[in-house]
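Participant: Please find the sequence and the predicted model below.
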Amino acid sequence: MGRGGVLLLLVAVLFAPRVHAQSLVTAHCAGACPQGPGTAANQVIVRAAYTLSNNPITKFADWIAYSVHADNFGPSRTRSWKADPDLPETATLEPDDYRGANAALKTDRGHQAPLASFAGLETWATTNYLSNITPQASDLNQGPWVALETAVRDLAKTTGGAVHVITGPLYERAMTPLPGADEPHVVPSGYFKIVAIGGGRAAAAFIVDQTLERRADFCLSTVDLPEVEHRARLHVFPGREDIGNAGDVLAGLGC
């Protein structure tokens, strides 16, 4: 299938009729996990570090949920990339698919659930599975994205409890594919990240574009939760209508 065909298929999936699926509940999601009309064909994987919903069309997870707790922090770990062993070869990328991407596109292998937040777990290496990775612009990955991840870990240290995060890609314009990939895929144009405290008592939402500059302040990327749901075509907290004001979370993140 050519690139145009992949994009058309993705549009068809994203705007398919809304379906009512049985709720998936995991500790990572602070209740029911996200649902959306385009996720019915996805494969959901629950691991010690995270829960993800892998999209076989894009080859990336539509959403990844994880909880950040200071008890899981640990020493620096290596980045040894591997294809996800629990996904079919046709549904995810392999390490060789990223060959030449940094030189050609200034693109990194960007973690969705960050390695540093789970370095103390025995299963830390699962964060290096490519189902947890997307092609992320180097300036974004090494700038505001890592700054937000660091702020989340600092918040977890401060609160002494779990900080829940739901993150995922956005596909709002065509992006150049990975030059070394031998299978069709769709590179994200941006990302969303939702940070919640108190088991979902309050949550703050962010949307960042792949073009965001390295020195950009992630605090300027805050949006309302409904905007994330609209643009990602997801119901992030199914069955929850009591999500509180973002102010407490933003203050804890230094915004």
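Facilitator: Yep, it's here. Numbers count the residues shown, from 1 in each chain.

Participant: Could you confirm Ala204 falls within a helix?
Facilitator: No: Ala204 is assigned strand when assessed by DSSP: H, G, I helix; E, B strand; the rest coil, not a helix.

Participant: Helices along this structure, start to end?
Facilitator: 3-14, 101-105, 138-140, 146-159, 225-232, 247-252 (DSSP state H).

Participant: of all those helices, which lies closest to Pro114?
Facilitator: Within those, the stretch nearest Pro114 is helix 146-159; the backing value is 4.6 Å (Cβ to Cβ). Just so you know, the C-beta spots here come from the backbone N, C-alpha and C atoms, and that holds for glycine as well.

Participant: number of nearby residues for the closest residue to Asp217 other than its chain neighbours?
Facilitator: The shortest distance from Asp217 to any residue other than its chain neighbours is 7.0 Å, reached at Pro144 (Cβ to Cβ, 6 or more residues apart in numbering). Pro144 sits with 22 neighbouring residues when counted by other Cβ atoms under 10 Å.

Participant: In terms of pLDDT, where does the nearest residue in space to Gly254 that is not next to it in sequence sit?
Facilitator: Once flanking residues are discounted, Gly254 sits nearest to Ala151: 5.7 Å by Cβ to Cβ, 6+ apart. Per-residue confidence at Ala151 stands at 98 (pLDDT).

Participant: what do you get for Asp242?
Facilitator: Note for Asp242: predicted pLDDT of 71.

Participant: and what of the one 3 residues further on?
Facilitator: According to the model's per-residue confidence, Asn245 sits at a pLDDT of 81.

Participant: circling back: go ahead and confirm the residue nearest to Asp217 touches Leu212.
Facilitator: Yes: with contact defined as Cβ atoms under 8 Å, Pro144 reaches Leu212; the gap is 5.7 Å.

Participant: what residues do those two have in common as contacts?
Facilitator: Ser221 (Cβ atoms under 8 Å, 6 or more residues apart in numbering).

Participant: In JSON lines: the helices of the chain, plus distance to Ile64 and mean neighbour count.
Facilitator: Listed next are the helices of the chain as JSON lines, based on distance: least, Cβ to Cβ, whole Å; neighbours: other Cβ atoms under 10 Å:
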{"stretch": "helix 3-14", "distance to Ile64": "18", "mean neighbour count": "14"}
{"stretch": "helix 101-105", "distance to Ile64": "20", "mean neighbour count": "15"}
{"stretch": "helix 138-140", "distance to Ile64": "17", "mean neighbour count": "19"}
{"stretch": "helix 146-159", "distance to Ile64": "13", "mean neighbour count": "18"}
{"stretch": "helix 225-232", "distance to Ile64": "12", "mean neighbour count": "16"}
{"stretch": "helix 247-252", "distance to Ile64": "19", "mean neighbour count": "16"}
